[in-house]
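Visitor: build me a structure from this.
(one chain, ligands or ions: 1)
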Amino acid sequence: MVKLADEDIRTREVLDWHGLHVCHAHLSSCSQKLRIFLALKGLDWESHEINVGRNENLSEWYLGINPRGLVPVLIHDGDVHIESNDIIQYLDRTFPEPRLIPAGFEDEVAALLEHEDDLHLDLRALSFRFVFNPRGEVKSAEELARYATAGSGTVGKKKDGRKDVEIDFWRTLNAEGITDDVARSAIARFRSAFDELQERLGQDTCLLGDGISVLDIAWFIYANRLVMAGYPLARLHPKLGDWFEGLAKRPEFAKEIALPPPVAAHFDAGHKRDVEQGKTLELVAGL
Ligand SMILES: N[C@@H](CCC(=O)N[C@@H](CS)C(=O)NCC(=O)O)C(=O)O
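Guide: Below is the predicted model:
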């Protein structure tokens, strides 16, 4: 559980925020996961939208809330919680009805969510290569310099190394983009994770039996992003494809994956260019 210590937090106003407040971003996969979770829980929360496209997450103000500069963040009665999977587990314990982590499965779910989080930079790499179609440099050298120095730089009072990993990702993206080799390795890791999930699904409708759990929410969002990137989910993992289609019809899920028309048009333009250049995800990975 990653609840920040008092000295980690520089933006002191949040200590006075009562109730549930969420700092989140529209197309962020971790934010989508948390918003679906909150909707299924029926919890009311106050929204603080952070525009990561404009790098608002790298501002002094936001780094004063989350020293890692990442979304989402939960502020519950002045306590600041970071890391989407920790936030979800915390909320499920704190507001147990309806349970989205079945009793007795807490440790197994925690381990499986950790596996999901381990693939997060792979998801980001594939998103930048095959979905987002960025216009120019995503984060300037100046913004990255501010990222390096703003905020306390500590989590739980200890110097935190996560920000360096993030900065390294953005510098590499600026310098060389997402290469075919990086894309292929990421796709291979997702393919093997999806094979495991399909096995886990067996004849059930959800990943932990027949009721929706946080695992369905988390993997649905990843599967959706991979499908957007052009990964042939239904062809390579037919049962998982059915599971995905079933969840996509539910209103809480459908709402999160709907794209505003201008965003969809921008993503389509990138995909069209990849098709013309013979550089779609399927062709790059030889699927
Ligand atoms: N392990 C973190 C990952 C959070 C993360 O990487 N969030 C992304 C959005 S999904 C982000 O904040 N990216 C910052 C950026 O794009 O500048 C979590 O689960 O909360």
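Visitor: what's the longest helix in this protein?
Guide: Scanning the chain for the helix with the most residues, using DSSP state H, yields helix 180-201.
Visitor: how far does that helix sit from its chain's centre?
Guide: A distance of 16 Å separates the centroid of the chain from that of helix 180-201, by C-alpha atoms, centre = their mean, to the nearest Å.
Visitor: also stretch 81-96?
Guide: Relative to the chain's own centre, stretch 81-96 is displaced by 15 Å; criterion: C-alpha atoms, centre = their mean.
Visitor: could you shift the numbering so residue one becomes 573, and keep it that way?
Guide: Shifting the count to begin at 573 puts that one at stretch 653-668.
Visitor: only C-alpha atoms, please: export that stretch in CSV.
Guide: Extracted C-alpha coordinates of stretch 653-668, given in CSV (Å, rounded to 0.1, in the frame of the first residue of the first chain):
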residue,chain,number,x,y,z
HIS,A,653,-2.5,7.3,-2.1
ILE,A,654,-0.5,6.7,-5.2
GLU,A,655,-0.3,3.6,-7.5
SER,A,656,-3.5,2.6,-9.1
ASN,A,657,-3.5,-1.0,-8.0
ASP,A,658,-2.8,0.0,-4.4
ILE,A,659,-5.5,2.6,-4.6
ILE,A,660,-8.0,-0.1,-5.8
GLN,A,661,-7.0,-2.5,-3.1
TYR,A,662,-7.3,0.2,-0.5
LEU,A,663,-10.7,1.2,-1.6
ASP,A,664,-12.0,-2.3,-1.8
ARG,A,665,-10.9,-2.8,1.8
THR,A,666,-12.3,0.5,2.9
PHE,A,667,-15.7,0.2,1.1
PRO,A,668,-16.2,-3.5,0.9
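Visitor: would you mark the buried spots in the longest helix of the chain?
Guide: Val754, Ala755, Ala758, Ile759, Phe762, Arg763, Ala765, Phe766, Leu769, Gln770, Leu773 (16 or more other C-beta atoms under 10 Å). From N, CA and C alone the C-beta is placed, and that goes for glycine too.
Visitor: and the pLDDT for the third one?
Guide: So the one you mean is Ala758. Here the pLDDT value assigned to Ala758 is 98.
Visitor: up against the ligand, what does the stretch 673-822 of the chain have?
Guide: Contact residues, the stretch 673-822 of the chain versus the ligand (C-beta under 6 Å from any ligand atom): Asp689, His692.
Visitor: show me where the stretch 673-822 of the chain has helices.
Guide: Counting by DSSP state H, counting those that start in this stretch, the stretch 673-822 of the chain has helices at residues 678-690, 692-702, 713-721, 734-748, 752-773, 786-801, 805-808, 810-820.
Visitor: so which elements touch the longest one?
Guide: What that stands for is helix 752-773. Contacts defined by 3 or more C-beta pairs under 8 Å, 6 or more residues apart in numbering; DSSP states H and E place helix 752-773 against helix 692-702, helix 786-801, helix 805-808, helix 810-820, helix 853-857.
Visitor: need these in JSON lines (columns: mean neighbour count and mean pLDDT).
Guide: Output for the helices and strands packed on helix 752-773, formatted as JSON lines (neighbours: other C-beta atoms under 10 Å; pLDDT from 0 to 100):
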{"stretch": "helix 692-702", "mean neighbour count": "21", "mean pLDDT": "98"}
{"stretch": "helix 786-801", "mean neighbour count": "23", "mean pLDDT": "98"}
{"stretch": "helix 805-808", "mean neighbour count": "15", "mean pLDDT": "98"}
{"stretch": "helix 810-820", "mean neighbour count": "17", "mean pLDDT": "98"}
{"stretch": "helix 853-857", "mean neighbour count": "18", "mean pLDDT": "98"}
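Visitor: relative to Asp664, which of these is closest?
Guide: Proximity to Asp664 (C-beta to C-beta) singles out helix 786-801 among those, at 7.0 Å.
Visitor: any idea how far Val847 is from Glu618?
Guide: Val847 sits at a distance of 42 Å from Glu618 (criterion: C-beta to C-beta, to the nearest Å).
Visitor: quick one on the thing from earlier: ok, so of the buried residues of helix 752-773, who is nearest Phe839?
Guide: Nearest member of the buried residues of helix 752-773 to Phe839, counting by C-beta to C-beta, is Ala755, at 16.7 Å.
Visitor: so that closest one touches Ala697, yeah?
Guide: Yes - using C-beta atoms under 8 Å, Ala755 is in contact with Ala697, at 6.7 Å.
Visitor: contact partners for Leu819?
Guide: Ile784, Asp788, Phe792, Phe825 (C-beta atoms under 8 Å, 6 or more residues apart in numbering).
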